[in-house]
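> Quick check, what structure comes out for this input:
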Amino acid sequence: MKRLTLEEDAKLAGVSRATVSRVNNPERVSPKYRERVLKVIKETAYQPNQAARIVAPRCSNIIGLIIPSRADLTFTDPYFAALITDISCVCNAHDYTLVLFVFHSQEEQDPVYQRALGTGLSDGLIVTADKITDPLISQILARKIPAVYVCRPLDKTNTSFVDMDNVAGAYMVVSHLIRLGYQRIATMTGPMSATTSIDRHEGYIKTLTERDRPVGDDPIVCGDFTRDSGYTAMRQLLSHRPDAVFAATDTMTRHTILPTEPINRATCGAMKFGSGNYLS
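From the prediction side, this is the model:
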């Protein structure tokens, strides 16, 4: 019988390469996955290549998650809460340890980045990277650190990223509001220093342009994806008397001022439909 490689055995067992390499350390592998790996090893007569073990760099089985946002915003935003939860679930299922890198002030940002990039403890990084002015991506590329980015980086060259089609999502939401008969559709965008905000704003403008609505007639106010910025944005929008509002995220709608009739119900409905829950 042909002896399979470590990667081939990992694929047959439905686990990571690292899990197979750690199978002789029971305390580091769950009984469920250890039993599965041992079964495959027995069936395929796999034997580890000792020479390769000596030459190959050791895996730490640690994944770093960098969120370039203040901790108080990170842990109060349901988007990041869901993101961290899902990533940690996948890491646990594959016997990886997740390390979270966040900062509490702008002064802490660079030291936190350097710890994340310079320790060499993690096998790779997951980075939320939609800020167009953040130097983090260039540092990761320069150091040749394996990384996957959440949200579209400004420069997609040599980067692997996961994102939704924000332009198409915004287009669908605003088109729906137009089909419902709303005439003055305002928008609360996110910060225009983020590709997510840029793309959703592009979808909003594209919809109005294709329906021959003069761009600029409907009010546009920028926020920063937080509840407080949503409150401030809605105060500004009320003076324009829109009959619907497209909000870039649902977090910005959680602390807003509700306008008086007859705008009330239309605005609330539009906010809910145009929330991050829909675009996600």
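
> Point out where the stretch 51-200 of the chain drops to low pLDDT.
The stretch 51-200 of the chain contains residues with pLDDT under 70 at 51-58, 119, 132-133, 155-157.

> those helices in it, which residues are they?
71-74, 78-93, 106-118, 136-142, 166-179, 195-210 (DSSP state H, counting those that start in this stretch).

> Now tabulate those helices in JSON lines and tack on distance to Met234 and mean neighbour count.
C-beta: built from backbone N, CA, C; applies to glycine. JSON lines is the format used below for the helices of the stretch 51-200 of the chain (distance: least, Cβ to Cβ, whole Å; neighbours: other Cβ atoms under 10 Å):
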{"stretch": "helix 71-74", "distance to Met234": "19", "mean neighbour count": "16"}
{"stretch": "helix 78-93", "distance to Met234": "19", "mean neighbour count": "14"}
{"stretch": "helix 106-118", "distance to Met234": "27", "mean neighbour count": "14"}
{"stretch": "helix 136-142", "distance to Met234": "32", "mean neighbour count": "16"}
{"stretch": "helix 166-179", "distance to Met234": "17", "mean neighbour count": "19"}
{"stretch": "helix 195-210", "distance to Met234": "17", "mean neighbour count": "20"}
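
> Quick one, which of the ones you listed gets closest to Lys42.
Among these, the nearest to Lys42 by Cβ to Cβ is helix 78-93 (23.0 Å).

> Give the other helices and strands that that closest one contacts.
Helix 78-93 sits against strand 62-70, strand 97-103, strand 124-128, with contacts defined as 3 or more Cβ pairs under 8 Å, 6 or more residues apart in numbering; DSSP states H and E.

> could I get the ones you listed as JSON lines with mean neighbour count and distance to Ser229?
Shown next, in JSON lines, are the helices and strands packed on helix 78-93 (neighbours: other Cβ atoms under 10 Å; distance: least, Cβ to Cβ, whole Å):
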{"stretch": "strand 62-70", "mean neighbour count": "20", "distance to Ser229": "13"}
{"stretch": "strand 97-103", "mean neighbour count": "17", "distance to Ser229": "20"}
{"stretch": "strand 124-128", "mean neighbour count": "20", "distance to Ser229": "18"}
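
> how about the ones you listed in CSV, adding distance to Asp218?
Below are the helices and strands packed on helix 78-93 laid out as CSV (distance: least, Cβ to Cβ, whole Å):
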stretch, distance to Asp218
strand 62-70, 29
strand 97-103, 36
strand 124-128, 30
